[in-house]
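Trainee: Make a model of this:
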Amino acid sequence: MPDTLVPRTNSLLRHWWALIIRGLLAIAFGLLAIILPLATIVALIALFAAFALLDGFTSLGSAIASRDWGWQLFGGLLGIAIGVLTILWPASAGLALIIFIAAWALTRGVFDIAAAVTLRHELDARLEWMLIVSGIVSVVFGLFVAAWPVVGALAIIGVIAGFAIFLGLTLVAAGLRQRRLHRSNVGPRVGPPL
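Mentor: Numbering: from 1, shown residues only. Now for the predicted structure:
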């Protein structure tokens, strides 16, 4: 392994928390969608906009902290852009939200797959697999939403919730695995926990 990859790998392992935060946000979004199935489309727009913004800012923060100007940065900027666009056009949110969700899921899935493939020599095989699975699920979900945009809001809420919870569980598992790898590389820590 070239010496130039070692600091980047350690930096990626140090920022395991970004995957866990993204996963917890996705799980929270999915659970809220299940608990409030009859909420208006405005509530769904607000939840999705908040999720996309927080997901984007988390990815952007991790990219800046690790000085990774690749897929993670682009995924973060995409999440922020989708969140802002969702807030700016709430009146046309019905179809627009479905289009934004489909575009976000497709693009985010492609970015996650590309990141896993690009970093395959640096990541543990299980972490690479988890990122690829989350990316494939995102792409499949985005294609489903794009193919049937007229499906009623109540029906799509279940799909959105299931997608978000599965994605969240996958990201949390990847973050916990990355945390274990980081701790095994750093060794026992003396003092307050990270």
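Trainee: Tell me, how many residues neighbour Gln185?
Mentor: Residue 185: Asn, not Gln. 11 (other Cβ atoms under 10 Å). (Glycine included, C-beta is placed from N, CA and C.)
Trainee: Model confidence for it, exactly?
Mentor: Asn185 is assigned 75 on the pLDDT scale.
Trainee: Also Ile165?
Mentor: pLDDT, read off for Ile165, is 93.
Trainee: wait, isn't it in contact with Ala26?
Mentor: Yes: applying Cβ atoms under 8 Å, one finds Ile165 in contact with Ala26, separated by 7.1 Å.
Trainee: okay, the two: which has more neighbours?
Mentor: Taking other Cβ under 10 Å, Ile165 and Ala26 do not tie; Ala26 has more neighbours (24 against 19).
Trainee: pLDDT value on Leu24, please?
Mentor: For Leu24, pLDDT reads 93.
Trainee: show me the contacts for it.
Mentor: 168, 172 (Cβ atoms under 8 Å, 6 or more residues apart in numbering).
Trainee: contacting residues around stretch 141-151?
Mentor: 95, 98-99, 101-107, 109, 156, 159, 163.
Trainee: residue ranges with poor pLDDT in this structure?
Mentor: The chain contains residues with pLDDT under 70 at 1-13, 38-41, 90-94, 123-126, 150-156, 186-194.
Trainee: Show the residue spans covered by the strands in it.
Mentor: Ranges of strands in the chain, per DSSP state E: none exist.
Trainee: do you know how far the most centrally placed residue in it is from Phe51?
Mentor: In the chain, the residue lying closest to the centroid (Cα atoms, centre = their mean) is Arg22, at 5.3 Å. In this view, Arg22 and Phe51 are 10 Å apart by Cβ to Cβ, to the nearest Å.
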